[in-house]
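# when you get a sec, could you give me coordinates for this:
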Amino acid sequence: MNLSAPSSILLSTADGPILGVLAGTTRALSGREVARLSGLSANGAWKALRRLVEHGLVSAEAAGAGTVVYTLNRDHLAAQPAMVLARLRATLLERLRTAIDAWHPAPLHASLFGSAARSDGDTASDIDLLVIRPRGIHEDDPAWRAQIESLADDVLRWTGNHAGIADVGEGDLKRLSRDRPPIVEEVERDAILLAGTPVDNLFARSSS
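Predicted coordinates for the structure are as follows:
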């Protein structure tokens with residue numbers, strides 16, 4: 001899955017962001033607003049909007065002074081599938097959280113980081129996860145290893161991307177906080193919390 005534009009698996013690189021913008025509001029938006037919110041050029045957004053209007057998935061109405069505003073036609077047969085595709089990244093986060101919430105033993109912390117968190121990966125990118133084992137759980141603990149391996153298998157089945165899981169023990173936090181390898185700065189900058197204590201709190205606590 002292209003992590004920078006997940007919906008591009010079935011939608012064009014313009015259609016996906018536009019439908020994501022329109023699906024997120026019931027307010028009519030001008031073409032300029034759609035372009036700005038979707039990150040597309042004005043010309044690229046206009047071409048995609050025109051095509052979507054032709055298919056009836058997007059409704060266009062005159063708003064005076066030559067302005068046209070657009071809304072998602074939620075009654076269209078393709079509206080529901082389009083909205084599902086437009087929120088694939090949110091669905092991935094929901095599935096990760098649900099899977100990790102069922103873990104026994106539970107992690108002290110779990111987060112998504114790297115290109116998947118920044119939304120700038122592609123089909124070859126790993127989905128990077130940081131998982132912190134609570135004190136007393138060894139990395140070779142059978143139950144713990146089964147959970148890690150099951151999550152890696154799930155990520156591959158859900159997305160087609162391999163999971164890069166950094167499995168760190170609670171006892172290593174003080175060293176990581178002191179040495180600050182690149183992964184620490186990357187996690188602090190980009191991480192999306194999936195379970196447990198926020199990573200900033202963990203590093204702050206371990207350094208005190």
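
# going by C-alpha atoms from here, please, whenever you check contacts or count neighbours.
Noted.

# by mean pLDDT, flag the weakest helix or strand of the protein.
Lowest on mean pLDDT, DSSP states H and E among the helices and strands of the chain sits helix 199-207, with a mean of 69.

# output the longest helix belonging to this structure.
helix 142-159 (DSSP state H).

# ok, residues contacting that one?
Residues outside helix 142-159 that contact it (CA atoms under 8 Å, 6 or more residues apart in numbering): 1, 92, 99, 103-105, 127, 137, 139, 161-165.

# for residue 134, see how far away the residue nearest the centre of the chain is.
Note on the chain: the residue nearest the mean C-alpha position is residue 89, at 3.7 Å, using CA atoms, centre = their mean. Going from residue 89 to residue 134 by CA to CA, to the nearest Å gives 28 Å.

# can you give me the helices in the protein?
15-23, 31-38, 42-54, 79-86, 88-101, 115-118, 142-159, 173-179, 182-190, 199-207.

# other residues contacting the fifth one?
Think helix 88-101. Counting by CA under 8 Å, 6+ apart, 3, 6-7, 106-107, 110, 151, 158, 194-195 sit against helix 88-101.

# and those residues, which two are furthest apart?
Within the contacts of helix 88-101, 7 and 106 form the most distant pair, 31.6 Å apart (CA to CA).

# look at those two and report which has more neighbours.
residue 7 (26 against 18; other CA atoms under 10 Å).

# wait, residue 16 sits on residue 83?
No: between residue 16 and residue 83 there is no contact under CA atoms under 8 Å: 9.1 Å.

# and the two? which has more neighbours close in?
The residue with more neighbours, out of residue 16 and residue 83, is residue 16; 23 against 20, by other CA under 10 Å.

# any idea how far residue 167 is from residue 93?
19 Å.

# for residue 28, that is, sorry about that
28 Å.

# same thing with residue 147?
Counting by CA to CA - residue 147 and residue 93 are separated by 17 Å.

# how many neighbours does residue 130 have?
By other CA under 10 Å, the residues close to residue 130 number 22.

# go ahead and confirm residue 174 touches residue 180.
No: contact criterion CA under 8 Å: residue 174 and residue 180 do not qualify, at 9.7 Å.

# pLDDT of the longest helix of the chain, averaged?
The predicted model assigns helix 142-159 a mean pLDDT of 97.

# so how far is that helix from its chain's centroid?
Taking CA atoms, centre = their mean, to the nearest Å, the mean C-alpha location of helix 142-159 is offset from the chain mean by 18 Å.

# quick one: low-confidence ranges for the protein?
For the chain, the stretches flagged by pLDDT under 70 are 4-5, 7-10, 204-208.

# which residue ranges make up each domain of it?
Residue ranges for the domains of the chain, per automatic domain parsing: 6-86, 88-207.

# quick revisit: deepest in the core, which of the helices of the chain is it.
Highest mean neighbour count among the helices of the chain (mean count of other CA atoms under 10 Å): helix 15-23, with a mean of 23.

# which outside residues touch that one?
Here helix 15-23 has contacts from 5, 7-8, 29, 34-35, 37-39, 45, 48-49, 52, 70-72, 82-83, 85-87, using CA under 8 Å, 6+ apart.

# please save the CA atoms from it in CSV.
What follows is helix 15-23 as a C-alpha-only set of coordinates in CSV (Å, rounded to 0.1, in the frame of the first residue of the first chain):
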residue,chain,number,x,y,z
ASP,A,15,-9.5,11.5,-6.5
GLY,A,16,-8.5,10.1,-3.2
PRO,A,17,-7.5,13.3,-1.4
ILE,A,18,-10.5,15.2,-2.9
LEU,A,19,-13.0,12.6,-1.7
GLY,A,20,-11.2,12.5,1.7
VAL,A,21,-11.7,16.3,2.0
LEU,A,22,-15.4,16.2,0.9
ALA,A,23,-16.2,13.2,3.1
